[in-house]
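> What would the 3D arrangement of this be:
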Amino acid sequence: QVQLVESGGGLVQAGGSLRLSCAASGRTFTWSPMGWFRQAPGKERELLAAISWNGGTTSYDESVKGRFTISRDSTKNTVYLQMKSLKPEDTAVYLCAGDHDKFAWPPSYDYWGQGTQVTVSS
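Below you'll find the predicted structure:
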């Protein structure tokens, strides 16, 4: 059983940066493709970025491409989302998720964290 805990959210001014972390417990994380999502009030959850089990492949939604970077450090069982040039419309709860299938691409995401709030003020 893998558990995910997100951190690093908070309040930031437009144009600022944040780095989110997703810490995992459980050995299967090492082999899991991972993704970052966000959900704003009244909106559907959207996939922002994904990374393969070994970090060799990444993908991004057009809305964050060039501003957000996903990475992972398997020695620390952690996935990161570096966010820059933040906009008020980036305000949302940010969640990480993983897939137990090592080779799933795109991943299906069968386990989730609780999320961390990011608020961008104008």
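
> Please count neighbours and contacts with C-alpha atoms only from this point.
Fine.

> Measure how buried residue 75 is and give me the count.
Close neighbours of residue 75, defined as other CA atoms under 10 Å, add up to 7.

> same thing with the one 4 residues further on?
Residue 79 has 25 neighbours, counted by other CA under 10 Å.

> Ignoring the adjacent residues along the chain, who's closest to it?
What sits nearest to residue 79 in space, not counting adjacent residues and going by CA to CA, 6 or more residues apart in numbering, is residue 72, at 4.2 Å.

> what about the helix or strand hosting that neighbour, distance to the chain center?
Secondary-structure element containing residue 72, defined by DSSP states H and E: strand 68-73. Mean C-alpha position of strand 68-73 versus that of the full chain (CA atoms, centre = their mean, to the nearest Å) differs by 8 Å.

> CA atoms only: put the strand or helix carrying residue 37 into CSV for me.
Following DSSP H and E, one finds residue 37 within strand 34-39. Extracted in CSV, the C-alpha atoms of strand 34-39 (Å, rounded to 0.1, in the frame of the first residue of the first chain):
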residue,chain,number,x,y,z
MET,A,34,3.3,9.6,-11.2
GLY,A,35,1.2,12.7,-12.0
TRP,A,36,0.2,16.0,-10.6
PHE,A,37,-3.4,17.2,-10.8
ARG,A,38,-5.3,20.2,-9.7
GLN,A,39,-8.9,21.0,-8.9
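
> any idea of the mean pLDDT for the strand holding residue 72?
Within the predicted structure, the mean pLDDT of strand 68-73 is 97.

> now do stretch 7-19
Per-region confidence: stretch 7-19 scores 98 on mean pLDDT.

> Outside of that stretch itself, which residues are in contact with it?
Judged by CA atoms under 8 Å, 6 or more residues apart in numbering, the contacts made with stretch 7-19 from elsewhere in the structure are 20-22, 80-88, 115-122.

> Next: stretch 32-47.
Residues from elsewhere that reach stretch 32-47, judged by CA under 8 Å, 6+ apart: 48-54, 61, 79, 81, 91-105, 107, 109.

> Put the buried members of those into a PyMOL selection.
Command for PyMOL, covering only those of these found buried under the criterion 16 or more other CA atoms under 10 Å:
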select buried, resi 48+49+50+51+52+53+79+81+91+92+93+94+95+96+97+98+99+100+101+102+107+109
